[in-house]
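> show me how the following folds:
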Amino acid sequence: MKVISILALFLALTACVAAVPISPSREIGHVSQAPVRATDDFTRALNAFRAEAGLGSVRQSAVLTRSAQAHADDMRARGYFSHRSPNGPNGATMMARMAASGCDLRFAAENIAMGQRSEAEVLADWAASPGHRRNMLSARMTDYGLGRAGDIWVLNLASGC
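This next block holds a predicted model:
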């Protein structure tokens, strides 16, 4: 019931957002100049979601934010959507990308999404997906980074960054 109240809060925050098209925009070529810093609202909502499950907070990591942003930019620029990048600039796998960004990994997970128009919408969608939910509710995670390129989102979670 507590999780539903947090999701309801997030859905209320997205009430002004128009419906996402069935076929999300696949505009290719734009790459962000700087990492997107998650808003305080996203951090509060993610930590409230974790608190409802009896878990501690995660803090935003500049290292994980760079890694998440680089992957979001790469997916958008090269027109793919996967946890594995085809010969990516910072490594093909999530672990390789995070390590290349300077993260001394102990535990790590990655959520990706496409089509959402706001942090609230993407967090609600991840919370409704069992695998993504499990990543966000891992007691092992202490840090996170959020990247966005257009309608492509990457959430990196880790311990040891």
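> residue 81 against residue 112, yeah?
Yes: contact criterion Cβ atoms under 8 Å: residue 81 and residue 112 qualify, at 6.9 Å. C-beta coordinates here come from the backbone N, C-alpha and C atoms, glycine included.
> any common contacting residues for those two?
Counting by Cβ atoms under 8 Å, 6 or more residues apart in numbering, the contacts common to residue 81 and residue 112 are 75, 152.
> need the longest helix for this protein.
helix 62-78 (DSSP state H).
> correct me, but residue 135 touches residue 154?
No: checked against Cβ under 8 Å, the pair residue 135 and residue 154 is beyond contact range at 11.9 Å.
> show me what the longest helix of the chain packs onto, helices and strands only.
Counting contacts by 3 or more Cβ pairs under 8 Å, 6 or more residues apart in numbering; DSSP states H and E, helix 62-78 packs against helix 94-100, strand 107-114, strand 143-149, strand 152-159.
> what about 7 Å?
The elements that helix 62-78 packs onto, with contact taken as 3 or more Cβ pairs under 7 Å, 6 or more residues apart in numbering; DSSP states H and E, are helix 94-100, strand 143-149, strand 152-159.
> nearest to residue 39, of the ones you listed?
strand 143-149 (9.1 Å; Cβ to Cβ).
> now that closest one and helix 62-78, what's the angle there?
Going by axes from the mean of the first three to the mean of the last three Cα atoms, to 10 degrees, strand 143-149 is angled at 20 degrees with respect to helix 62-78.
> then strand 143-149 to PDB, C-alphas only?
The C-alpha coordinates for strand 143-149 follow below in PDB (Å, rounded to 0.1, in the frame of the first residue of the first chain):
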ATOM      1  CA  ASP A 143      25.000   5.400  -5.200                       C
ATOM      2  CA  TYR A 144      23.100   6.200  -8.400                       C
ATOM      3  CA  GLY A 145      23.500   8.200 -11.600                       C
ATOM      4  CA  LEU A 146      20.800   9.100 -14.000                       C
ATOM      5  CA  GLY A 147      21.300   9.900 -17.700                       C
ATOM      6  CA  ARG A 148      18.900  11.100 -20.400                       C
ATOM      7  CA  ALA A 149      19.200  11.700 -24.100                       C
END
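> off-centre distance for it?
In terms of Cα atoms, centre = their mean, to the nearest Å, the centre of strand 143-149 is found 5 Å from the chain centre.
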